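Colleague: Any chance you could fold what I've pasted below:
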Amino acid sequence: MTPTEALDLILRSYVRYYDVIREDVEAPFAAEARFHSHGETYVLVKSARISEADSHEYVYFAAVDELDAEQAAALEQTAWERGLAHVKPHNAHRNSDITLVVLAGQMTAEAKQTVKKSRRSKSYKHSLQGWSSYRAIALETSSGELVYNRLGKDLKKLFRNISNQR
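Modeller: Below is the predicted model of the structure:
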């Protein structure tokens, strides 16, 4: 399976809950997905609101033939910066998470280590206005090997199912 074919399979999983963008996505990404959720808690009537919370997720997809450590670090930095550009902290902001998905034909050992060790987070007004965290997962399409950071482990099941379809 090529990285582009794997991208098509993965995007089918995301399209149900996310706004998926394939056209007009700036390089180095092949697609972008956005998720927005707003929740409220109230007593008896909506005007008696106790609390509200906004959650967002921005997912950036990259499909490359070969991934090295330098390229992995550059993708991580670009995804983090673009994701943070969308964040608008306010009192009802809970979180805005940023996820990088890399689909590569081949990955070097250094690139795998770069993905595994990637960690980023940011809080807004000491977390009173929410936070941002970073997840990363990379799939080597030639072997089906998955590499992910600590928070990216949550995506393991979804990507394992996709890599088994090859």
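
Colleague: pLDDT weak spots in this structure?
Modeller: Within the chain, the stretches with pLDDT under 70 are 163, 165-166.

Colleague: Could you report the distance from the residue lying farthest from the centre of it to residue 9?
Modeller: Relative to the centre of the chain, the most outlying C-alpha is that of residue 44, 36.8 Å out, by C-alpha atoms, centre = their mean. Here residue 44 is placed at a distance of 46 Å from residue 9 (C-beta to C-beta, to the nearest Å). (Each C-beta comes from the backbone N, C-alpha and C, glycine too.)

Colleague: show me where the chain has strands.
Modeller: With DSSP state E as the criterion, the chain has strands at 19-21, 31-42, 49-67, 93-107, 121-123, 131-140, 145-148.

Colleague: Now render those as CSV, adding mean neighbour count.
Modeller: Shown next, in CSV, are these (neighbours: other C-beta atoms under 10 Å):
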stretch, mean neighbour count
strand 19-21, 13
strand 31-42, 14
strand 49-67, 18
strand 93-107, 23
strand 121-123, 14
strand 131-140, 23
strand 145-148, 18
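
Colleague: and residue 38, what is it in contact with?
Modeller: 52, 53, 54, 55 (C-beta atoms under 8 Å, 6 or more residues apart in numbering).

Colleague: and with 7 Å instead?
Modeller: Counting by C-beta atoms under 7 Å, 6 or more residues apart in numbering, residue 38 touches 52, 54.

Colleague: before we move on, what about residue 55?
Modeller: 37, 94, 95.

Colleague: follow-up on the earlier one: which one of the strands of the chain lies nearest to residue 86?
Modeller: Taking C-beta to C-beta, strand 49-67 is the member of the strands of the chain nearest to residue 86, at 5.7 Å.

Colleague: doesn't residue 35 make contact with residue 17?
Modeller: Yes. Applying C-beta atoms under 7 Å, one finds residue 17 in contact with residue 35, separated by 6.2 Å.

Colleague: For residue 161, give me its contacts.
Modeller: Applying C-beta under 7 Å, 6+ apart to residue 161 gives no contacts.

Colleague: Name the nearest residue to residue 94, ignoring sequence neighbours.
Modeller: Leaving aside its sequence neighbours, residue 94 sits nearest to residue 53 (C-beta to C-beta, 6 or more residues apart in numbering; 4.1 Å).

Colleague: Tell me what that neighbour is bridged to.
Modeller: Judged by DSSP bridges, the bridge partners of residue 53 are residue 39.

Colleague: Report the contact partners of it.
Modeller: 39, 92, 94.
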